[in-house]
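1. What follows is a predicted structure for the sequence shown.
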Amino acid sequence: MVRMLPCHGRGREFESRPVRQPYTFCVRLFYFMVFYVYIIESLKDETYYKGFTTDYEKRLIQHNNGESDYTSKKIPWKLVYVEEYTSKREALIRERNLKKADRQRILALINSSRNLLRKLG
């Protein structure tokens with residue numbers, strides 16, 4: 001006669017459902033993405049373009065390579081202003097705000113201590 005184990009098997013060879021491990025606290029590493037709001041100046045006609053990105057140096061290269069329809073007509077571009085944000089939402093709100101700024105406000109920002117480029121040297 002074959003003896004049948006109870007449904008849970010009490011830790012023996014057969015389990016009808018997975019054995020649950022006791023809860024252990026696990027530390028997870030989170031990768032925080034940085035977003036940048038930037039302003040570039042056209043060396044052709046001294047106009048400004050404002051945008052946001054995760055890599056402002058790469059984005060400047062794309063603008064100067066004509067990879068953006070709007071900026072391709074005013075090449076070459078020079079990076080004049082950068083701000084750093086930890087959320088995409090904040091960066092988008094700031095970019096939208098800067099797009100409404102007049103030339104005087106843009107010039108004040110470029111010369112302000114908020115400009116990451118001034119801090120980098």
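-> Cool, the structure landed. Residues are numbered from 1 along each chain as shown.
2. Show the pLDDT at the residue positioned nearest the centre of the chain.
-> The C-alpha lying nearest the average C-alpha coordinate of the chain belongs to residue 35 (C-alpha atoms, centre = their mean; 3.4 Å). pLDDT for residue 35: 97.
3. who's it bridged to?
-> residue 85 (DSSP bridges).
4. What is the helix or strand bottoming out on mean pLDDT in the chain packed up against?
-> Every helix and strand in the chain was compared by mean pLDDT, DSSP states H and E; the lowest is helix 116-120, with a mean of 86. Packed against helix 116-120 by the contact rule (3 or more C-beta pairs under 8 Å, 6 or more residues apart in numbering; DSSP states H and E) you find strand 77-85. Where you see a C-beta, it was placed from the backbone N, CA and C, and this is true even at glycine.
5. So what touches stretch 35-53?
-> Stretch 35-53 is touched from outside by 54-56, 59-60, 63, 70-71, 74-88, 90-92, 94-95, 98-99, 101, 103, 106, 109-110, 116, with contacts defined as C-beta atoms under 8 Å, 6 or more residues apart in numbering.
6. Can I get it as PDB, trimmed to CA atoms?
-> Provided in PDB are the C-alpha atoms of stretch 35-53 (Å, rounded to 0.1, in the frame of the first residue of the first chain):
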ATOM      1  CA  PHE A  35      17.400  65.400 -17.500                       C
ATOM      2  CA  TYR A  36      18.800  68.600 -18.800                       C
ATOM      3  CA  VAL A  37      17.200  71.800 -20.100                       C
ATOM      4  CA  TYR A  38      19.500  73.500 -22.500                       C
ATOM      5  CA  ILE A  39      19.700  76.600 -24.600                       C
ATOM      6  CA  ILE A  40      21.800  76.700 -27.800                       C
ATOM      7  CA  GLU A  41      22.600  79.800 -29.800                       C
ATOM      8  CA  SER A  42      22.800  79.900 -33.600                       C
ATOM      9  CA  LEU A  43      26.100  81.400 -34.700                       C
ATOM     10  CA  LYS A  44      24.400  82.200 -38.000                       C
ATOM     11  CA  ASP A  45      21.800  84.700 -36.800                       C
ATOM     12  CA  GLU A  46      22.200  84.700 -32.900                       C
ATOM     13  CA  THR A  47      18.800  83.200 -32.300                       C
ATOM     14  CA  TYR A  48      18.200  80.800 -29.400                       C
ATOM     15  CA  TYR A  49      16.700  77.300 -29.300                       C
ATOM     16  CA  LYS A  50      15.500  75.700 -26.000                       C
ATOM     17  CA  GLY A  51      15.100  72.000 -25.400                       C
ATOM     18  CA  PHE A  52      15.500  69.200 -23.000                       C
ATOM     19  CA  THR A  53      17.500  65.900 -23.200                       C
END
